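Asker: fold the following for me, if possible:
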Amino acid sequence: MSQKPGPAPLLIACALGIEHLALRSGDRGGADGPLTVLRTGMGPRAAERSVTRVLADPALAGAAVLATGFCAGLAPGMHPGDLVVAEETRDPRGTTPCTGTDLLVKALMRAVPARTVHTGPLTGSEHVVRGQERSELLATGAIAVDMESAATLHSAVRTGARPVAAVRVVVDAPEHELVRIGTLRGGISAFRVLRAVLPAFFEWHRSLLLPRR
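Answerer: Numbers count the residues shown, from 1 in each chain. The predicted structure is shown next:
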C-alpha cells in the first residue's frame, strides 16, 4: 500500500541576520508541511550559491520558494514598513514570473491591515541603490529594488519547476533614505512588519497545495 505524499516543503530565503531574526521570532503555527528559513548572505552571488546548495537536498524537491527581507522603494509616496509583492523579479539574466501574487496580496492585507501593499516588478542590484540610480530604475517600470530576490528566484526555478514569490518590506524610499538598517525608526518599523507577515506566507503556501478546479 503506497503512502500518501506529505505536504510540499516551503523555503523562505532572506539575506541579513536581522531579517532572519524577524522571521525566526514570528508565529510559525500556521505552517503546512516542512519549513526551512534560509539566511543566504548578502548579494546576488551569495543568494545563488545558498539557494542552489539547499535545493539540491532531495527533501526539498518541489519546494515552494519565497524570497523576503528588506528593500528600497523606488516610487514616490512609499514609506518604511510598506510591503512590496513582486509580480516578477528582474536581473541581467532575465525575468522570473511569480506565482499566486493576488492571493499573496490579500493574505498580507489580512496579516498587516495597517500597511500599504504595492505590486509590480522587483529588480535586482549588486549594490545599495541611492539617489539618481533610484530614479533610473523607476523609469524601467520597477517599483522596488533589492540585492537577492531576483537571484533567489532565478536559482530556484533553474533547479526545477516550482512556485516562487518575493515579498519585501520597504526600509527606505525616495523621501525616507536610511543610512543603517535597525538603528532608525524606518528600520525598526520594517523589522516589526517582517515579523508579522509569516501567516500570510503560510496562507500563500497552503493555497498552492489545494486542488485546482
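Asker: ok, and what's touching the helix or strand where Arg206 lies?
Answerer: Following DSSP states H and E, one finds Arg206 within helix 198-209. Applying C-beta atoms under 8 Å, 6 or more residues apart in numbering, the contact partners of helix 198-209 are 7-8, 10, 12, 23, 26-28, 30-33, 64, 66, 68, 99-100, 103-104, 107-108, 110-112, 163, 165, 167. To be clear about C-beta, it is placed using only N, CA and C from the backbone, and glycine gets the same treatment.
Asker: now do that helix: distance to the chain's middle.
Answerer: Here the centre of mass of C-alpha atoms in helix 198-209, compared against the chain's by C-alpha atoms, centre = their mean, to the nearest Å, lies 13 Å away.
Asker: I'd like the average pLDDT over it.
Answerer: When pLDDT is averaged over helix 198-209, the result is 90.
Asker: mind listing what's buried in it?
Answerer: Within helix 198-209, the residues that count as buried by 16 or more other C-beta atoms under 10 Å are 198-208.
Asker: find the centremost residue of this protein, please.
Answerer: When C-alpha atoms, centre = their mean is applied to the chain, the residue found nearest the centroid is Thr68 (2.5 Å).
Asker: for it, list the residues it contacts.
Answerer: The neighbourhood of Thr68, defined by C-beta under 8 Å, 6+ apart, consists of 12-14, 19, 23, 166-169, 194, 197, 201.
Asker: for it, name its beta-bridge partners.
Answerer: Val167 (DSSP bridges).
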